[in-house]
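*Asks:* what's the 3D shape of this:
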Amino acid sequence: MTPRPPSPPVVAYVDDECSVCRVAGRMARWRRQEQVWICDLSEARHDLDRGAVGAALHVVDADGRMFVGYDAISALTLARGHPWLWRLMQRAPVGAVGRRVYGCVARIRPSSRRPSRP
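*Replies:* Numbering: from 1, shown residues only. Next comes the predicted model:
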């Protein structure tokens with residue numbers, strides 16, 4: 001079953017000290033600025049765990065629902081006006097591969113805020 005899509009506008013909390021995150025944030029806002037708001041990790045809502053936000057992208061939609069990691073990327077895709085791509089990203093093989101790739105990138109991304117690995 002396909003999850004309910006996010007409701008724009010969305011707010012993405014990114015680690016501004018991470019070059020990958022900064023570029024992704026700029027790309028997410030390009031040409032759809034009214035639908036996507038980018039906030040640095042330091043501006044995260046008080047109810048968000050900063051360690052978790054530092055470890056993975058967090059997106060909150062207009063209904064207050066939170067999307068994390070690959071699901072956050074998927075939510076940004078829909079907010080940017082690509083419902084067909086959002087639906088594709090929800091499919092089992094694409095979603096499974098996407099989650100795995102996102103996890104790998106999140107673990108190796110450059111940031112001084114990222115939680116240290118054991």
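*Asks:* enumerate the positions of the helix or strand of the chain with the lowest mean pLDDT that are buried.
*Replies:* None of the helices or strands of the chain scores lower by mean pLDDT, DSSP states H and E than helix 19-29, at a mean of 75. Neighbour-count burial for helix 19-29 flags Val20, Cys21, Ala24, Gly25, Ala28, Arg29 (criterion: 16 or more other C-beta atoms under 10 Å). Bear in mind the C-beta positions are built from the backbone N, C-alpha and C, glycine included.
*Asks:* export those residues as CSV, with columns for distance to Met89.
*Replies:* Shown next, in CSV, are the buried residues of helix 19-29 (distance: C-beta to C-beta, whole Å):
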residue, distance to Met89
Val20, 19
Cys21, 19
Ala24, 15
Gly25, 19
Ala28, 14
Arg29, 19
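*Asks:* mind pulling up the pLDDT for the residue nearest the centre of the chain?
*Replies:* Taking C-alpha atoms, centre = their mean, the centroid of the chain lies closest to Ala72, which sits 3.3 Å from it. Ala72 carries a pLDDT value of 90.
*Asks:* so it versus Ala62, what's the distance?
*Replies:* From Ala72 over to Ala62 the distance is 15 Å, taken as C-beta to C-beta, to the nearest Å.
*Asks:* could you give the separation of the helix or strand hosting the residue nearest to the centre of the chain from the chain centroid?
*Replies:* For Ala72, the element it lies in under DSSP states H and E is helix 70-79. Between the centre of helix 70-79 and the centre of its chain there are 6 Å (C-alpha atoms, centre = their mean, to the nearest Å).
*Asks:* touching it from outside, list them.
*Replies:* Residues from elsewhere that reach helix 70-79 (C-beta atoms under 8 Å, 6 or more residues apart in numbering): 5-6, 8-10, 12, 28, 32, 35-36, 56-59, 61, 67, 85-86, 89-90, 95, 98-99, 102-103.
*Asks:* can you select the buried ones among those residues for me in PyMOL?
*Replies:* Selecting only the buried entries of the contacts of helix 70-79 in PyMOL, with 16+ other C-beta under 10 Å as the criterion:
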select buried, resi 6+8+10+12+28+35+36+56+57+58+59+61+67+86+89+90+98+99+102
